[in-house]
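Asker: Requesting a structural model of the entry that follows:
(one chain, ligands or ions: 1)
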Amino acid sequence: MSEAVPVSAREVVGGDLAAALDALAAPAAPGTGGGLPAVLVALDFDGTLAPLVDDPTTSAMTAAARAGVDALAALPDDAATRLALVSGRALADLAALARPPAGAYLVGSHGAETGLVLPDGEVEAVPVELTPQQQDVLDRLVAGLEEVAAGVEGAWVQTKPAAAVLHTRRSPADAAARAVERADAVVAGLGLRALHGKDVVEVAVVEADKGSALARLRDVVGQELAAAAGAPPATVRVLYAGDDTTDEHALATLGPGDVGIKVGDGDTVARLRVADADAVGAVLTYLAGALRNRA
Ligand SMILES: O=P(O)(O)OC[C@H]1O[C@H](O[C@H]2O[C@H](CO)[C@@H](O)[C@H](O)[C@H]2O)[C@H](O)[C@@H](O)[C@@H]1O
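Answerer: Numbering: from 1, shown residues only. Next up, the predicted model:
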């Protein structure tokens with residue numbers, strides 16, 4: 001492995017994980033005719049780069065996660081690597097809290113919003129636009145969830161451009177369970193679909209999930225690098241890391257050349273697992289070292 005990989009990253013990243021990261025960064029196998037495969041590093045934010053906290057307005061990457069993200073962002077162009085943050089957060093919220101590096105793709109609201117961080121740090125965003133009917137459904141959804149939250153200790157409702165979220169992290173367990181049941185009834189009454197995340201019931205009025213978002217992102221990266229190289233679209237290998245049930249949609253799209261990492265406990269389709277945001281940071285730093293040496 002590269003001399004550029006810091007010792008701490010080597011210590012956290014061992015065995016199967018190191019082998020998977022080395023393979024992700026490796027050139028195409030001899031005789032396959034391909035050039036250097038592109039690598040898309042797509043990362044969830046809350047619970048993956050930023051530890052979960054009671055107040056979502058205070059979320060921040062750990063120092064190790066930030067170092068890993070910055071190491072990837074500093075790779076030279078010929079490392080053919082792109083970084084993306086793929087979050088359930090509203091895009092503006094994600095950009096403000098994650099402070100993503102220039103060149104990063106942003107996916108907000110589980111895919112309903114997309115953006116790109118420009119060299120000056122501004123975000124070029126494709127905002128979500130609701131029809132009058134969708135706005136009406138969203139208004140009724142927010143009202144319904146507010147009514148549920150009003151009767152439950154610690155519960156509150158977060159609104160986003162195309163979704164509303166019932167938060168129960170601060171509620172006693174039995175009250176939270178009743179609130180989730182009542183929220184599900186509100187959602188069913190409106191003909192919508194709930195995503196059940198960590199202490200959240202999240203409901204969008206547009207179709208969006210991280211699996212479809214990641215598939216689109218893979219295509220966009222392939223096209224972008226092909227245009228830059230004046231060559232046919234490159235093969236794009238993906239590393240995806242996430243902690244929540246909503247990340248399983250993205251992990252489920254991965255193929256044999258990709259790397260899926262579950263962060264923390266819980267069922268997953270991912271082959272690999274790390275403990276927390278600091279470990280994710282070590283993975284990213286290790287991977288950046290491997291990618292720096294492929295260019
Ligand atoms: O896709 P993500 O980046 O993981 O965003 C998913 C949701 O994250 C936020 O909620 C979660 O983090 C909060 C802060 O740590 C925590 O209080 C909450 O219990 C978690 O579910 C965010 O508030 C949601 O809007 C996102 O959809």
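
Asker: which residues touch the nearest residue to Leu17 once chain neighbours are set aside?
Answerer: Distances taken as Cβ to Cβ, 6 or more residues apart in numbering place Leu272 nearest to Leu17, at 5.4 Å, with adjacent residues excluded. Every C-beta, even on glycine, is put in place using the N, C-alpha and C of the backbone. Leu272 sits next to Asp16, Leu17, Ala20, Val259, Gly260, Ile261, Lys262 when contact means Cβ atoms under 8 Å, 6 or more residues apart in numbering.

Asker: which one of those residues is nearest the ligand?
Answerer: Relative to the ligand, the closest of these is Lys262; by Cβ to the nearest ligand atom it sits at 12.9 Å.

Asker: and that closest one, what helix or strand is that in?
Answerer: Element membership of Lys262, judged by DSSP states H and E, is strand 259-263.

Asker: I'd like to know if that strand reaches the ligand anywhere along the stretch.
Answerer: No. Counting by Cβ under 6 Å from any ligand atom, the ligand is not contacted by strand 259-263; separation bottoms out at 9.7 Å.

Asker: related to what we said a few turns ago, quick one: the residue nearest to Leu17 from Ala19, how far?
Answerer: 10 Å (Cβ to Cβ, to the nearest Å).

Asker: cool, Ala74 as well?
Answerer: With distances taken as Cβ to Cβ, Ala74 is found 24 Å from Ala19.

Asker: Over to Glu122?
Answerer: From Glu122 over to Ala19 the distance is 39 Å, taken as Cβ to Cβ.

Asker: cool, and Asp44?
Answerer: 23 Å.

Asker: in the stretch 151-295 of the chain, which ranges drop under the pLDDT threshold?
Answerer: 233, 295 (pLDDT under 70).

Asker: can you check the stretch 1-150 of the chain too?
Answerer: Residue ranges of the stretch 1-150 of the chain with pLDDT under 70: 1-10, 29-35.

Asker: thinking again about what came up before, CA atoms only for the strand holding Lys262 - export them in PDB, please.
Answerer: Below are the C-alpha coordinates for strand 259-263, written out as PDB (Å, rounded to 0.1, in the frame of the first residue of the first chain):
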ATOM      1  CA  VAL A 259     -17.700  -1.200  -2.100                       C
ATOM      2  CA  GLY A 260     -20.700  -0.900   0.300                       C
ATOM      3  CA  ILE A 261     -20.000   0.000   4.000                       C
ATOM      4  CA  LYS A 262     -22.600  -0.100   6.800                       C
ATOM      5  CA  VAL A 263     -21.800   2.400   9.600                       C
END
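
Asker: Alright, that wraps it up for me.
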